[in-house]
Every structure is written in structure tokens, then in C-alpha cells.
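Trainee: Give me the fold of what follows.
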Amino acid sequence: MQREMTYGYIDAINGNMISVVFEGNVIQNEVGYVLSQKERLKAEVIKIGKNKAYMQVFESTKGLKVGDKVEFSGEMLSVQLGPGLLGQIFDGLQNPLPKIAQQFGFFLQRGLSVEALDSNKKWHFTPLDEVNKTRVYKGYPLGYVKEGIFNHFIMVPFTLNDEYTVEYIAPEGDYTIKDTIARLRNSRNEEIELNMVFTWPVKIPLQAYKEKYIPKEPLVTRTRIIDTFFPIAKGGTYCIPGPFGAGKTVLQQIISRYAEVDIVVIAACGERAGEVVETLRKFPELPDPRTSRPLMERTVIVCNTSSMPVAAREASVYTAVTIGEYYRQMGLDVLLLADSTSRWAQAMREVSGRLEEIPGEEAYPAYLGSRIAEFYERAGVIKLPWGDKKGSLTIGGTVSPAGGNFEEPVTQATLKVVGAFHGLSRERADARRFPSLHPLESWSKYPSFVPAELVNQAKDILSKGNEVAQMMKVVGEEGTSLDDFVVYLKSEFLDNVYLQQNAFHPVDAATPRERQIYTFNKVVKVLNTSFKFSDKNEAREFFYKLRHRFIDWNYTEWGSDNFQRQEKEIEEFIHSKIK
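Mentor: Coordinates of the predicted model:
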């Protein structure tokens, strides 16, 4: 039963927040519309007290006045889920930005709203034979349509909590998302018609699964320093904090292109418009390394820049994670990249200030940590309610601490809940050592596909090399023993040939799992070898030449004749200096 429409009027306006006096029933996170002249401005209830609701407006509140009418919809902030999401660019409220620009121009008016999915496009629906006259429940597939290279399963909506009998399933053919494709009957003998699309409130996690597992299987990003030293697990969580200009956005774009996942969802949450425009322009042109088709065919972008109202930043994060959960329910591996969660936290701080809540550290709300935890907890590996299939949602968020200070509240709240910390270093970025992950400060709780013993040996060399480098800054190279100097050269060798990667080179930009294991074994062998040098100049020259040979080796195709030839040359060069 749908409740009667509730109305109210504006009592006060503070920035993008309004207080509304109402009579009737209103629920937390309910969507309402401010009726101003011919405009309908979307807003969300964020606090309720007696007969007054505080709402954040997702548009500019310029021109609104006390007494303007507000209409409460009775529904929570929701997104449409169905075929046609892939390849789209949405704003935080799931308005398709290219379609809006096409209809209304590039300078968007307030209150514009367009259907997220094309209701006129026809999809070829194939029913699953086994569902006819069987018992089904939420998340159970009734059939599928082809969306790019994937089977997009048409599932029993997650809002239906009963058990149902399939009375009718549409025959194979072409249908729009609004055409009836099935009829179900519930335990009360009520008939329910289904089409290919339904809505789901973005702030409620999807839980139409049998079981949730602890993430263990490595997610291969093909970035060596991440996969070998600080791995990510499928269904896991990680964060990339770093100062301005350290390469957070570039690293996320590289991961989104080469990571071995099915679907990539990008949430551009409050980033500068220049960065977002670059992403929007480049992504449609990029080829998918696996299929050679456009990368956008398996990508969804949810975009809210820093110039848009702050309330929409929060909506963009929740919209993106809900879309990610939806595709996970189909047994796909999904990667969600949120850039940047700091902007979302700043939006929370602004709204909290207008609500006159008691501030926490640096004026962030006291519930900052719990909100960040709730977001990352939506990641995970799940067992689907049908068959033995699994799906995963991996969440990675960038954090933009002012001045690169990792002790600030957003970074600290994030570190408490994520499974991997990829801290970017200003010094490494300035030295053009990319990816600029700090190898001594970053960490991961997930297992790597490279043996832990070898990784620990390499980390030990990096640590000792850093100690020697710090000592050399005080006493100089001449005050350092030859053995210590060789340790320093070995740590620099490891950094240059393995930790650093050339994102512009067609081969070195992405290193597959097998090649990483093979190359890393060779590198560790060098680190563990005792060399015979007469002085520091000879040692420096040897590692200089060895470094260049390894870098040239990184640039050759895996398993090619050039690869084997270069490897042989490296082996001969190393043997010439062994004690």
C-alpha cells in the first residue's frame, strides 16, 4: 500500500539545506521535491524532529524562499537497475549526462531529470528453461539479455522478500525494459508482473545472497609494486592516500584499465572539473586490453565535480556502490574506484555544520568513521542464491589529505577499515618514481601470489638500503663501507627495475601474473648474490649497466625471442661479477 502524499513548506534556508514544516508521515532519507515556480528541485531528508524535516537539496537553492511548497515522495533515494547501465556516464542522481547535454545543452538548468535507462531500446531476452513453474526468490535469474560481452541476468527484484511461483515467462524475443517478461504468484495468491528494470534505495546494501566470504584470492592489477608487495584481494578494500600531484587519479585509471575484473565503476566524487573532463574524454577512446573493444563497454562512470552542489557528492558514492553490487549479483567481478572520499567527507562536514551538530576532530562530524566503514563494508565476495557461482565487489578509494598529512581524520578513519594501504609519497613523485607508492610505509593484509619469503627478503633490502641512504646524507659516500654501499645499490636496483613501471610503454604498462613471478625471482636472485668489486665506482658502474639491461628486458614481449635473448645477456653479465 502506498501512503498518502505528504506536503510541507520551507521554514528556513541555510545554503543547500532547508528545514521544512510538514503534517503527516515522513521517513529518514526520503526524497522530496521543492516546488519553486516551474521547477522541481530534488532533496533528501537527513534529519527529522517533531513536525520539522531537515533536507539537503541536490541543486542550487538560489531563488528559493520561505513558504515554498515541498512535496514528499514516500520513497527513499533510489537508482534504476536494469540493462543499459554499462557505458553510461551518470551524475550522482543517475541522470545520464550525455543525454541531458544532447537535449538541453552543456549549461544544465536546475531541476532537470531524465530517465536513467532507455525505455525505447529493445533487448533480446532469453528465458531460462528451468524457472518455469518453479519457486523463485529475490536475486534469482529469470533469463538474460546480452549487454556487451556479458550475460545481463534479469533477476527477481531485491524488493520482493517472499517466495514466488513463476506463472508466466516471456518467450525468447526482443523487448523493451518496460515490457512484461514474467508474472509471479506469492504465498497470498497475489500476482506480480515483472519487467527488466526495478529500483533500489542506494543507502541500503544489497543482501540477496546466500553467504559472504572473507576475501582471499588476489586481484591482479598488473602493477608490479601492488601485486607483489601490497596486493589487493577480490572483494577486498584498499585506499590510496597522497598529496596533490602524487598520481592518485593516474594510478586509479591505470588500475581500471588493466585490472583483471569484469566491470569497472568509477565514482568521480567532488574532484576538480579538469580531471573529470580528462577522464570523460579519454575513457571512451581507450581500447580494452583484453577484448580490443572500447573500454567504456564494461565501465560505468558516476560523476560529480567540486563545482556541483555538495549534497550530490554523497549521492554519487552511494549510487556507484549500488550499481557495483547489482553487477556482483550476476556472478561478475566488479571494481569500484572512488575519487576522492575526502571530498565526500568535506561535504559531510559542511552539512553537519549547517545542522549545528557537535563537531569532532577538525570539525568533521562524530559519525565520520562509521559512515566510511559502512561504505567499505559493502565490498565482499558473495555466493549467489542460485548455483555455485560467486561474485565480488572490490572497493578502492583515494584520499586527499591536506599537505599529504596521513594523520588527519579521513585518512585515519579509512585506515581502520581497509585491507590495504597504498600511501603515495611526495618525494617519490618529485623524483619521477612512478607509481609513487612508498614501499616502506604502505602495507596490505591480503596474500600475494608471490611467495612471502621472497617478498620479505626484498623488503629487507629496501629497508637496509634506506638506512644506508640516510647515513650517506650525513657522512657522505666516502664515509660508507663498500658492503653498505652495495646494499644501497641493490635497493636502488630493485626500485628502478621492479617497483617503477612505465605507464606509457605498451609492454611495461601492464605485467601479467606469470611474468611478475618469473621476473621477481630473477631480481631476488640478484639481491641475494655476493658480487666481487674492487671499489665503489666499479660497483656503481656494474649496477648502472645491470639496471638498464633489466629495464630493456621489461620492455620486451613476454616469452618472445628478444625476451630470451635479453635474459641470456643479463645472466652472462651477472656471472662476470660473482665472487
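
Trainee: who's in contact with Leu112?
Mentor: The contact partners of Leu112, taken as Cβ atoms under 8 Å, 6 or more residues apart in numbering, are Asn95, Ile100, Phe104. In short, each C-beta sits where N, CA and C put it, glycine included.

Trainee: List just the nearest of the residues you listed to Asn528.
Mentor: Asn95 (57.5 Å; Cβ to Cβ).

Trainee: So that closest one sits against Leu117, correct?
Mentor: No: Asn95 is beyond contact range of Leu117, at 11.5 Å (criterion: Cβ atoms under 8 Å).

Trainee: still on that earlier bit, which member of the contacts of Leu112 is positioned nearest Asp129?
Mentor: After measuring the contacts of Leu112 against Asp129 - Cβ to Cβ - the closest member comes out as Asn95, at 37.9 Å.

Trainee: tally of neighbours for the closest residue to the closest one other than its chain neighbours?
Mentor: Distances taken as Cβ to Cβ, 6 or more residues apart in numbering place Val114 nearest to Asn95, at 5.3 Å, with adjacent residues excluded. Val114 has 15 neighbours, counted by other Cβ atoms under 10 Å.

Trainee: So Val114 lies in a strand, does it not?
Mentor: No: counting by DSSP: H, G, I helix; E, B strand; the rest coil, Val114 falls outside a strand, being coil.

Trainee: list the contacts for it?
Mentor: By Cβ under 8 Å, 6+ apart, Val114 lies in contact with Asn95, Pro96, Lys99, Ile100, Gln103.

Trainee: What's the separation between the second one and Arg40?
Mentor: According to Cβ to Cβ, to the nearest Å, Pro96 stands 18 Å off from Arg40.

Trainee: higher neighbour count, these two?
Mentor: Using other Cβ under 10 Å as the criterion, Pro96 and Arg40 rank with Pro96 on top: 20 against 16.

Trainee: returning to that earlier point: ok, now how distant is the residue nearest to Asn95 from Lys99?
Mentor: Applying Cβ to Cβ to Val114 and Lys99 gives a distance of 5 Å.

Trainee: which SS state does the closest residue to Ala379 other than its chain neighbours fall under?
Mentor: Nearest residue to Ala379 in three dimensions, chain neighbours excluded: Ile395, at 4.2 Å (Cβ to Cβ, 6+ apart). Secondary structure of Ile395, reduced to three states by three-state DSSP: strand.

Trainee: shouldn't Ile395 be in contact with Arg378?
Mentor: Yes: counting by Cβ under 8 Å, Ile395 does reach Arg378; the two are 7.1 Å apart.

Trainee: overlap in contacts of those two?
Mentor: Jointly contacting Ile395 and Arg378 under the rule Cβ under 8 Å, 6+ apart are Val321, Gly324.

Trainee: Nearest residue to the middle of this structure?
Mentor: Leu337 (1.7 Å; Cα atoms, centre = their mean).

Trainee: For that residue, give the beta-bridge partners.
Mentor: Assessed by DSSP bridges, Leu337 has beta-bridge partners Ile266, Gly396.

Trainee: what's near enough to touch it?
Mentor: So Leu337 contacts Gln252, Ile255, Ser256, Val264, Val265, Ile266, Ala267, Gly396, Gly397, Thr398 (Cβ under 8 Å, 6+ apart).

Trainee: can you check Tyr446 too?
Mentor: Pro215, Lys216, Pro218, Pro231, Ile232, Ala233, Gly236, Gly419, Ala420.

Trainee: List the buried residues for stretch 116-132?
Mentor: Within stretch 116-132, the residues that count as buried by 16 or more other Cβ atoms under 10 Å are Ala116, Leu117, Ser119, Trp123, Phe125, Thr126, Pro127, Leu128, Val131.

Trainee: of all these, which comes closest to Gln412?
Mentor: Ranked by distance to Gln412 (Cβ to Cβ), the buried residues of stretch 116-132 are led by Ala116 at 35.7 Å.

Trainee: packing partners for the helix-or-strand element of the chain with minimal mean pLDDT?
Mentor: In the chain, no helix or strand scores lower on mean pLDDT, DSSP states H and E than helix 273-282, which sits at a mean of 72. Applying 3 or more Cβ pairs under 8 Å, 6 or more residues apart in numbering; DSSP states H and E, one finds that helix 273-282 contacts helix 248-258, strand 263-271, strand 299-305.

Trainee: Of all those, which one comes closest to Met155?
Mentor: Comparing the helices and strands packed on helix 273-282 by Cβ to Cβ, strand 263-271 comes nearest, at 15.8 Å.

Trainee: Check the contact between Gly92 and Thr322; I expect there is one.
Mentor: No: in this structure Gly92 lies outside contact range of Thr322 using Cβ under 8 Å: 11.5 Å.

Trainee: between these two, which one's more packed in?
Mentor: For the pair Gly92 and Thr322, the greater number of neighbours falls to Gly92 (28 against 24), based on other Cβ under 10 Å.

Trainee: where does the more buried one fall, helix, sheet strand or coil?
Mentor: Classified using three-state DSSP, Gly92 is coil.

Trainee: who's in contact with Thr223?
Mentor: Per Cβ under 8 Å, 6+ apart, neighbours of Thr223: Leu251, Ile254, Ile255, Tyr258, Pro435, Gln501, Ala510, Thr511.

Trainee: now do Ile10
Mentor: Per Cβ under 8 Å, 6+ apart, neighbours of Ile10: Ile18, Ser19, Val20, Val34, Leu64, Lys65, Val66, Gly67, Asp68, Val70.

Trainee: repeat for Gly465
Mentor: Val487, Tyr488, Lys490, Ser491, Glu492, Leu494.

Trainee: I'd guess it is in a helix, am I close?
Mentor: Yes: counting by three-state DSSP, Gly465 is located in a helix.

Trainee: nearest residue to it other than its sequence neighbours?
Mentor: Counting by Cβ to Cβ, 6+ apart, the residue nearest Gly465 is Ser491, at 2.3 Å.
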